[in-house]
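> fold the following.
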Amino acid sequence: THPASYPSGVVMVVPPPHPPHPPPHSRRVIVLKLGGSLLTNKSTGGGGDSGGGDDMLLVDFGTLTLLCQSVKTILDTQYHTHVVLIHGAGSFGHIKARKYRLNLGLIPADPEQQNAQRNAVREVRKDMLTLNAHIMQALANSNVDAQSYAPHSWAKGTGTNFKGELP
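Numbers count the residues shown, from 1 in each chain. Below you'll find the model as predicted:
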């Protein structure tokens with residue numbers, strides 16, 4: 001398998017019911033991509049250390065709260081609208097991905113580096129699930145009903161080899 005070079009997460013926001021329900025073709029979908037640098041703080045923790053340690057896993061909770069409140073406002077005022085949030089990784093993924101060169105895939109002819117890359121993929125996945133949990137909690141705190149679909153559970157491959165379908 002080819003490790004993901006740019007980890008991201010998907011959160012599906014479930015709109016509150018607003019009767020009467022229009023036909024499916026008249027429902028609007030808003031896709032919001034929240035950049036990881038918007039949600040996380042890469043400038044503190046470890047003094048700019050590029051080692052990608054746990055001290056770099058810092059969520060900007062103030063910004064996250066404002067964004068979730070904005071999603072709630074959209075759902076409350078734009079009837080029959082679905083919101084799909086896609087969030088980036090920020091310090092929760094890119095630092096380790098860069099350090100272990102995950103964008104290159106498994107480095108051939110270097111079994112030690114391949115082992116380190118496989119471990120890094122597991123670490124990045126764990127970190128991304130942590131970030132996603134913070135986002136889901138912030139949505140819940142804003143009274144937004146949401147479902148999360150972690151890409152590692154439904155997507156495989158990258159580029160032209162990408163295959164995946166949301167449940």
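> and the helix of greatest length in the chain, which residues are buried?
The longest helix of the chain (DSSP state H) is helix 111-141. Neighbour counts over helix 111-141 (16 or more other CB atoms under 10 Å) mark 117, 120-121, 123-125, 127-128, 131-132, 134-136, 138-139 as buried. The way it works is simple: take the backbone N, C-alpha and C, and place the C-beta from them, glycine included.
> helices or strands up against that helix?
When contacts are defined as 3 or more CB pairs under 8 Å, 6 or more residues apart in numbering; DSSP states H and E, helix 111-141 sits against strand 9-14, helix 36-39, helix 61-77, strand 81-87, helix 94-99, strand 145-149.
> out of these, which comes closest to Thr158?
Nearest of the helices and strands packed on helix 111-141 to Thr158, taken as CB to CB: helix 94-99 at 12.2 Å.
> that closest one - contacts with which helices or strands?
Here helix 94-99 touches helix 111-141, going by 3+ CB pairs under 8 Å, 6+ apart.
> now the helix it packs on: average pLDDT?
Averaged over helix 111-141, pLDDT sits at 93.
> comparing the helices and strands packed on helix 111-141 by mean pLDDT, which bottoms out?
When the helices and strands packed on helix 111-141 are compared by mean pLDDT, strand 9-14 comes last with a mean of 60.
> isn't Ala120 up against Ile95?
No: the pair Ala120 / Ile95 is not scored as a contact, 10.4 Å apart, by CB atoms under 8 Å.
> distance of Asp145 from Leu39?
Here the criterion is CB to CB, to the nearest Å. By it, Asp145 lies 20 Å from Leu39.
> thanks a lot, see you next time.
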